[in-house]
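K.L.:
Return atomic coordinates for the entry below.
(one chain, ligands or ions: 1)
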Amino acid sequence: MNRCSLQGHCQLNVDWRPSNRFDDPDSTLAENIEFLPNGEGKKPRFTDFEGKTSFGMSVFNLGNAIMGSGILGLAYAMANTGILLFLFLLTAVAGLSCYSIHLLLKSSGVVGIRSYEQLGFRAFGMTGKMAAGIAITLQNIGAMSSYLYIVKSEFPLVLQAFLKADTNSGEWYLNGNYLVVLVSLSVILPLALMKQLGYLGYASGFSLSCMVFFLSVIYKKFQILTLAHMFTVNTHTAYTIPILAFAFVCHPEVLPIYTELRNPTQRKMQHISNISILIMYTMYFLAALFGYLTFYTNVEAELLHTYSRIDPYDTLILCVRLAVLTAVTLTVPIVLFPVRRAIQEMIFPNKTFNWIRHVAIAVVLLTLINMLVIFAPNILGIFGIIGATSAPCLIFIFPAVFYIRIVPKDKEPMRSTPKIFAACFAGLGVLFMIMSLSFIIIDWTTGSSSTLGGH
Ligand SMILES: NC(=O)C[C@H](N)C(=O)O
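P.N.:
Sure, this is the predicted structure:
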């Protein structure tokens, strides 16, 4: 009966689900990963699927999932908040991200499921499952499109400068559209076809080192002038929360990484998450600080543009742009995994792992994202809205409401402190969502455009 399927989803052979939860219509589904209470009545253990990914590789993978185009919007956010207010907000969003991972891990421990969509199912039936699946799909397709858009716009300029080619030489390799397809086929697709996320650890490590290089170069460029603000508020300050929320989204990847962890426990996974978030917190602060202290109020919503505007042919800056390109390219496969999982759970539930389906979904997804980036780059603005809705759902609202529904009332009554905290957390998410959406609408109606969190 113990069959393992979709990226480590296994069947249960002991069912200890709380009886008042939504039950899966087919309780023997391969998607149901369950923990087994081990013989001696100790803590539940996940015995069906043996995760093989080490602690360090999991930190790399989660770090890579966190770090993406979001980092490029942070200097702009700091220019509109001042160093201290930015540091305060960054600390708050990082802390809230850790807390929401805690809620996800605890809920997943109670019902023995390691899938965001299945948690949604346990909490709210089909509606919960679809809501989680759709939010993950939209958020991650938005993120991947923004990464490929960076490849499309940056790669030709970097190549042209390195090859000292004429701007209008018309060579095919200076055409961003061809380059996006080439990078997707040669780098992203092979990595996305790996059977398990855990295999991407080395690529993630390399991606993170590219970002460390990016940091070390922008560090060399900054200079402290007295006009740095410690605290400032203007009409763009409001974008800080959506930018920060986007930058810390990694929640769809947490449970898949947990599933593949060697000797998994809730504490160990929380530890991995805290370390990844702490590393990214430090890198985000430094990236924002150096970017801000280089350009001050002239910093644009996308940091790389600002550097290329000042000195497009500086070799070091070209290397930095190449490093960021590499880093975001290597993040695409990691972000693609949870989308494929969500699609499998929504469209092909009850199915065990199948290579043809695994490959086909990746090919279709990459084709779709390539087409969006090549033919409809203006549509990426739509992802501002998606980011403003799906990011608060995935970070705040879903983990909190799933937790409230999943943890049994006899264990934690509705008025218990953890549940009251979770309810406030969901409320905060709704507030952020309304705030972000209102700013986008105001932006549209007044005609000024702004970049939300890298989209
Ligand atoms: N994984 C995501 O959805 C976004 C990522 N946190 C970024 O900064 O690009």
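K.L.:
From here on, just use CA atoms for contacts and neighbour counts.
P.N.:
Noted.
K.L.:
Asn263: neighbour count?
P.N.:
For Asn263, the number of neighbouring residues by other C-alpha atoms under 10 Å comes to 17.
K.L.:
mind listing what it touches?
P.N.:
By C-alpha atoms under 8 Å, 6 or more residues apart in numbering, Asn263 lies in contact with 50-51.
K.L.:
phi, psi of it?
P.N.:
phi 40, psi 60 (degrees, to the nearest 10).
K.L.:
quick one: it and Phe337, what's the gap?
P.N.:
22 Å (C-alpha to C-alpha, to the nearest Å).
K.L.:
And for whatever residue of the stretch 301-450 of the chain ends up closest to the ligand, the neighbour number?
P.N.:
The minimum distance from the stretch 301-450 of the chain to the ligand, using C-alpha to the nearest ligand atom, falls at Val335 (6.1 Å). Other residues near Val335 come to 26 when the count uses other C-alpha under 10 Å.
K.L.:
Confirm that Ile317 lies within a helix, as I assumed.
P.N.:
Yes. Per DSSP: H, G, I helix; E, B strand; the rest coil, Ile317 lies within a helix segment.
K.L.:
I'd guessed it sits against Thr306; true?
P.N.:
No. Using C-alpha atoms under 8 Å, Ile317 is not in contact with Thr306, being 10.8 Å away.
K.L.:
what about these two, which has more around it?
P.N.:
The neighbour comparison of Ile317 against Thr306 (other C-alpha under 10 Å) goes to Ile317, with 20 against 17.
K.L.:
what does this protein have sitting close to the ligand?
P.N.:
65-71, 139-140, 143, 246-250 (C-alpha under 6 Å from any ligand atom).
K.L.:
Keep only those of those that are in helices.
P.N.:
Counting by DSSP state H, the part of the residues of the chain next to the ligand found in helices is 65-66, 139-140, 143, 246-248.
K.L.:
which one of these is nearest Thr91?
P.N.:
Using C-alpha to C-alpha, the shortest approach to Thr91 within those belongs to Phe248, at 11.2 Å.
K.L.:
tell me the contacts of Ile441?
P.N.:
Ile441 neighbours (C-alpha under 8 Å, 6+ apart): none.
K.L.:
Look up the pLDDT of it for me, please.
P.N.:
On the pLDDT scale, Ile441 is placed at 82.
K.L.:
Tell me the spacing between it and Met371.
P.N.:
Ile441 is 26 Å from Met371, by C-alpha to C-alpha.
K.L.:
related to what we said a few turns ago, quick one: the residue of the stretch 301-450 of the chain closest to the ligand and Ala65 touch, right?
P.N.:
Yes. Using C-alpha under 8 Å, Val335 is in contact with Ala65, at 6.3 Å.
K.L.:
what mean pLDDT would you report for stretch 84-100?
P.N.:
pLDDT averaged over stretch 84-100 gives 96.
K.L.:
list the buried ones in it?
P.N.:
85-87, 90-91, 93-94, 96-100 (16 or more other C-alpha atoms under 10 Å).
K.L.:
mind listing what the most centrally placed residue in the chain touches?
P.N.:
Closest to where the C-alpha atoms of the chain average out (C-alpha atoms, centre = their mean) is Cys250, at 3.5 Å. Cys250 is in contact with 62, 65-66, counting by C-alpha under 8 Å, 6+ apart.
K.L.:
and the residues you listed as JSON lines, adding neighbour count and pLDDT?
P.N.:
As requested, the contacts of Cys250 are exported to JSON lines (neighbours: other C-alpha atoms under 10 Å; pLDDT from 0 to 100):
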{"residue": "Leu62", "neighbour count": "25", "pLDDT": "96"}
{"residue": "Ala65", "neighbour count": "26", "pLDDT": "94"}
{"residue": "Ile66", "neighbour count": "24", "pLDDT": "95"}
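K.L.:
and of those residues, the nearest to the ligand?
P.N.:
Ile66 (4.0 Å).
K.L.:
Hmm, that closest one is touching Pro252, no?
P.N.:
No. Contact between Ile66 and Pro252 fails when scored by C-alpha under 8 Å: they sit 10.4 Å apart.
K.L.:
Closest to Asn350 out of the buried residues of stretch 84-100?
P.N.:
Nearest member of those to Asn350, counting by C-alpha to C-alpha, is Ser100, at 28.5 Å.
K.L.:
Do a quick rundown of the strands in this structure.
P.N.:
Ranges of strands in the chain, per DSSP state E, are 36-37, 44-45.
K.L.:
weakest of the ones you listed by average pLDDT?
P.N.:
Mean pLDDT values for the strands of the chain show the minimum at strand 36-37, a mean of 39.
K.L.:
Lys152: what's its closest spatial neighbour, skipping adjacent residues?
P.N.:
With C-alpha to C-alpha, 6 or more residues apart in numbering as the criterion, Lys152 has its nearest non-adjacent residue at 4.3 Å, and that residue is Gly176.
K.L.:
Could you report the neighbour count for that neighbour?
P.N.:
22.
K.L.:
before we move on, the earlier item: with distance to Met230 added, can I get the contacts of Cys250 in JSON lines?
P.N.:
Putting these into JSON lines (distance: C-alpha to C-alpha, whole Å) gives the following:
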{"residue": "Leu62", "distance to Met230": "31"}
{"residue": "Ala65", "distance to Met230": "30"}
{"residue": "Ile66", "distance to Met230": "27"}
